[in-house]
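Visitor: return atomic coordinates for the entry below.
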Amino acid sequence: MFVRLVVVFHCTWFVNSATHKFGYKSYDSQDTSLNCWWVALLTFGEGWHNNHHAFQYSARHGLEWWEIDLTWMMIKTLSIFGLAKNIKLPPNKKVSI
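Guide: Next comes the predicted model:
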């Protein structure tokens, strides 16, 4: 139980530490947030942190086809069964850096 707790806490903290140091920027979010693929894999999509800062209201953080976002996939699956409604997404138009 201790190891699991330590791993989960570190994955959570990676989102707010590593994604402000490692990665790339897709959107101008007026801060140092970056998209970091390895943090996204560990945190089920939360590592697409720059996307999150650019569109804070969005349920989907992996905005490119190759940005794997397992959290979004679960929300989409729940919506198919009518268990998730009024899902907010970013506009289709890409905002330049």
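Visitor: would you mind measuring from the residue most central in space within the chain to I87?
Guide: Centroid check for the chain by CA atoms, centre = their mean gives E46 as the closest residue, at 3.1 Å. Plainly put, E46 is 17 Å away from I87 if you go by CB to CB, to the nearest Å. C-beta coordinates here come from the backbone N, C-alpha and C atoms, glycine included.
Visitor: now do R60
Guide: 8 Å.
Visitor: which residues are common contacts for the two?
Guide: I75 (CB atoms under 8 Å, 6 or more residues apart in numbering).
Visitor: what about these two, which has more around it?
Guide: Ranked by neighbour count (other CB atoms under 10 Å), R60 and I87 place R60 first, with 21 against 13.
Visitor: check contacts around that one.
Guide: Contacts of R60 by CB under 8 Å, 6+ apart are D69, W72, I75, L89, P90.
Visitor: phi, psi for it please.
Guide: Per-residue torsions, R60: phi -110, psi 120 (degrees, to the nearest 10).
Visitor: swap in Y57?
Guide: Here the main-chain torsion angles of Y57 (degrees, to the nearest 10) amount to phi -80, psi -10.
Visitor: can you give me the helices for the protein?
Guide: Assigned by DSSP state H, the helices in the chain fall at 2-17, 37-42, 49-54, 70-80.
Visitor: who does the helix or strand bottoming out on mean pLDDT in the chain touch, helix- and strand-wise?
Guide: Lowest by mean pLDDT, DSSP states H and E among the helices and strands of the chain is helix 2-17, with a mean of 88. Contacts defined by 3 or more CB pairs under 8 Å, 6 or more residues apart in numbering; DSSP states H and E place helix 2-17 against helix 37-42.
Visitor: pull the number of nearby residues for the closest residue to D31 other than its chain neighbours.
Guide: Excluding its sequence neighbours, the residue lying closest to D31 (CB to CB, 6 or more residues apart in numbering) is H53, at 5.9 Å. Using other CB under 10 Å, H53 has 21 other residues around it.
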